[in-house]
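Visitor: no FASTA, just this:
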């Protein structure tokens, strides 16, 4: 059989705006370069190259976001949307990436193990052992993994196509599974957390993929706007639509640490190296809620009556589970994990509002929460005993008498989580709850406000413990932070205070960004 030229239809390559995709392309390029450095650079040079490279990549991505701030388009055959929410989230992720890299560069991700190695080297006294101790303090493979995760996080909320969203979900998730298990000298706890995260994450990805298939069967497309058109103007049964929506949302709720799909969060947060826990708690939540906002606002805004009762229950369960179970925790990292679950319930209010105010308030809340969370975990890395990080609450008694500055910084973050005025957390809760009330979600706002009041108890309990208790005789010490951690703490503290006193500039940026291209 022969074919003539007329029988062969031309294949048109999709048009791609590389300038619009530059922030995520920069992060992906830096990640690939980091892998090559790990493969070919001498061991002694890796840390000297990887840290500046990762920082330069985050700064370059942030600059790229600023340069393309006025772009509002879809590219790659409509599969990727570059609009206000995308750019706002990408800029926030790039800024948080800078702080995260600084924290990772502070010391080995396995702080307990590095302390033991360093002390042994000092005891022996040889220069070779001291050099080996210094070398083991930095696990350079963490930097390309962090930048790979950031590139996936930037693509995740920009995905206007469910297949692209699934690919970006895997790109951001796989490095996090590896990073969770990098605390080598706490091998059992860390690797158990990594395996649990991987297995549950794989199940959640399967739910997402199966939901994608159901939605394709219903709409004949996996583009979000196509799903919206099919659901808004079709007279066929909604079984596939509702089934696909439910399965798809399970995957997104898992990634956002939203109850009842939260069970992995406390164990993973506790087992992962603390700088990585801070990175996951802040950046992953931003990416997950960015994707949730796009899916709900673009694809399912015409089926509100079908999914709003479900999300109503999700918001209540997440906020109450996080607040109530947080009261029972005796480990600081697990307490912050349940705090994350409670805040996820508050954020669902903004997602459900389906309004410009709801979108802008959710974006602002993500900024306030993420910087405070990253700063809180940075403080956790400094409180140490002979075994490493001292995370049991009893060891934080009287911390203000040992180090008033560290206790004061941690208090700022705790008050922000509680929503105390003159902190960013108060403004974030105010704007998102107001958007919920304006959208007719008054009863839900009352319930999550009660949950917020319950959660405030365990934040204030830590403050009382630090300031009004006597330090134990064998209590932990506060490590002297390096310049990197000092910068990270300064940035997160200033942002938390500044957005509580002068929030209007970022609120204006969020309001301007609150428009999806579709």
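Guide: Looks like it came in fine. Because the structure is predicted, anything quoted here is derived from the model rather than measured.
Visitor: quick one: low-confidence ranges for the stretch 51-200 of the chain?
Guide: Low-confidence segments of the stretch 51-200 of the chain (pLDDT under 70): 107-138, 184-185.
Visitor: in it, which spans are helices?
Guide: For the stretch 51-200 of the chain, applying DSSP state H, counting those that start in this stretch gives helices covering 84-104, 111-124, 127-136, 142-155, 162-180, 187-219.
Visitor: Please identify the deepest-packed of those helices.
Guide: Compared across the helices of the stretch 51-200 of the chain, helix 142-155 shows the largest average neighbour count, a mean of 28 (mean count of other CB atoms under 10 Å). For the C-beta atoms, the positions are set from N, CA and C on the backbone; glycine is no exception.
Visitor: Between helix 162-180 and it, find me the angle.
Guide: Here helix 142-155 runs at an angle of 150 degrees relative to helix 162-180 (axes from the mean of the first three to the mean of the last three CA atoms, to 10 degrees).
Visitor: how big is the angle separating helix 142-155 from helix 84-104?
Guide: Here helix 142-155 points in a direction 170 degrees away from that of helix 84-104 (the same axes, to 10 degrees).
Visitor: just to revisit the earlier point, quick one: closest of the helices of the stretch 51-200 of the chain to residue 507.
Guide: Of all the helices of the stretch 51-200 of the chain, helix 84-104 sits nearest to residue 507, with 11.8 Å by CB to CB.
Visitor: Can you name every helix or strand that that closest one contacts?
Guide: helix 22-40, helix 43-67, helix 142-155, helix 274-279, helix 285-294, helix 356-380, helix 483-501, helix 504-513 (3 or more CB pairs under 8 Å, 6 or more residues apart in numbering; DSSP states H and E).
Visitor: Check the offset of that helix from the chain's centre.
Guide: Helix 84-104 has its C-alpha centroid displaced from the chain centroid by 10 Å (CA atoms, centre = their mean, to the nearest Å).
Visitor: For residue 458, list the residues it contacts.
Guide: Counting by CB atoms under 8 Å, 6 or more residues apart in numbering, residue 458 makes contact with 326, 327, 329, 335.
Visitor: Identify the farthest-apart pair in these.
Guide: Spatial extent of those (CB to CB) is set by the pair 327 and 335 at 9.1 Å.
Visitor: what about those two, which has more around it?
Guide: Neighbours were counted for residue 327 and for residue 335 using other CB atoms under 10 Å; residue 335 has more, 26 against 13.
Visitor: The more buried one contacts residue 329, correct?
Guide: Yes. Counting by CB atoms under 8 Å, residue 335 touches residue 329, with 4.1 Å between them.
Visitor: joint contacts of the two?
Guide: Taking CB under 8 Å, 6+ apart as the contact rule, residue 335 and residue 329 both touch 393, 458.
Visitor: Determine which of the helices of the stretch 51-200 of the chain approaches residue 42 most closely.
Guide: Among the helices of the stretch 51-200 of the chain, the nearest to residue 42 by CB to CB is helix 127-136 (11.2 Å).
Visitor: Can you list the buried residues in stretch 485-505?
Guide: For stretch 485-505, the neighbour count (16 or more other CB atoms under 10 Å) marks 485, 488, 489, 491, 492, 493, 495, 496, 499, 500, 503 as buried.
Visitor: And the strand or helix carrying residue 308, how far out from the chain middle?
Guide: If you go by DSSP states H and E, residue 308 is part of helix 304-326. Offset of helix 304-326 from its chain centre (CA atoms, centre = their mean): 20 Å.
Visitor: if you average pLDDT over that helix, what comes out?
Guide: For helix 304-326, mean pLDDT rounds to 91.
Visitor: immediately after that helix, which helix or strand?
Guide: Following helix 304-326 in sequence order, the next helix or strand is helix 332-353 (DSSP H and E).
Visitor: Buried residues, that following helix. List them.
Guide: Neighbour-count burial for helix 332-353 [16+ other CB under 10 Å]: 332-353.
Visitor: Next, the contact list for residue 91, please.
Guide: Counting by CB under 8 Å, 6+ apart, residue 91 touches 23, 62, 65, 66.
Visitor: Buried ones among those residues?
Guide: For the contacts of residue 91, a neighbour count by 16+ other CB under 10 Å gives the buried set as 23, 62, 65.
Visitor: roughly how far apart are residue 71 and residue 367?
Guide: 21 Å (CB to CB, to the nearest Å).
Visitor: Same check on residue 230?
Guide: Residue 230 sits 34 Å away from residue 367, going by CB to CB.
Visitor: So which of these two has more stuff around it?
Guide: Each of residue 230 and residue 367 has its neighbours counted (other CB under 10 Å); residue 367 has more, 26 against 19.
Visitor: Quick check: that one touching residue 499?
Guide: Yes. Using CB under 8 Å, residue 367 is in contact with residue 499, at 7.2 Å.
Visitor: what do these two both touch?
Guide: Both residue 367 and residue 499 are contacted by 424, 428, 506, under the criterion CB under 8 Å, 6+ apart.
Visitor: Contact partners for residue 489?
Guide: Listed by CB under 8 Å, 6+ apart, the contact set of residue 489 reads 375, 378, 379, 409, 481.
Visitor: Which single one of the residues you listed is nearest to residue 517?
Guide: Nearest to residue 517 out of the contacts of residue 489 is residue 375 (CB to CB; 32.9 Å).
Visitor: count of residues packed around that closest one?
Guide: For residue 375, the count of nearby residues is 27 (other CB under 10 Å).
Visitor: Help me confirm that it comes into contact with residue 413.
Guide: Yes. Between residue 375 and residue 413 there is a contact under CB under 8 Å: 5.2 Å.
Visitor: anything in contact with each of the two?
Guide: Common contacts of residue 375 and residue 413 (CB under 8 Å, 6+ apart): 492, 493, 496.
Visitor: just curious, which of those is nearest to residue 457?
Guide: In terms of CB to CB, no member of the shared contacts of residue 375 and residue 413 lies closer to residue 457 than residue 496, at 20.4 Å.
Visitor: I'd like the distance between the residue lying closest to residue 100 once chain neighbours are set aside and residue 154.
Guide: Nearest in space to residue 100, with sequence neighbours left out and distances taken as CB to CB, 6 or more residues apart in numbering, is residue 279 at 4.3 Å. To residue 154, residue 279 is 14 Å away according to CB to CB.
Visitor: now, among the contacts of residue 489, which is nearest to residue 43?
Guide: residue 481 (25.7 Å).
Visitor: I'd say the closest one and residue 105 touch.
Guide: No. With contacts counted by CB under 8 Å, residue 481 stays clear of residue 105, the gap being 11.7 Å.
Visitor: and residue 463, what is it in contact with?
Guide: Applying CB under 8 Å, 6+ apart, we find residue 463 in contact with 411, 414, 415.
Visitor: repeat that for 10 Å
Guide: Residue 463 sits next to 400, 407, 410, 411, 414, 415, 418 when contact means CB atoms under 10 Å, 6 or more residues apart in numbering.
Visitor: For these, pick the one with the most neighbours.
Guide: residue 410 leads the contacts of residue 463 on contacts (other CB under 10 Å) with 27 neighbours.
Visitor: Apart from its chain neighbours, what residue comes closest to that one?
Guide: Of all residues beyond its chain neighbours, the one nearest residue 410 is residue 379 (4.5 Å), with distances taken as CB to CB, 6+ apart.
Visitor: Got phi/psi on residue 389?
Guide: Per-residue torsions, residue 389: phi -70, psi 140 (degrees, to the nearest 10).
Visitor: Check the one 5 residues further on too.
Guide: Note on residue 394: backbone dihedrals following degrees, to the nearest 10 are phi -60, psi -30.
Visitor: swap in residue 439?
Guide: The phi/psi pair for residue 439 (degrees, to the nearest 10) reads phi -90, psi 10.
Visitor: And residue 427, by the same measure?
Guide: Main-chain dihedrals, residue 427, degrees, to the nearest 10: phi -60, psi -40.
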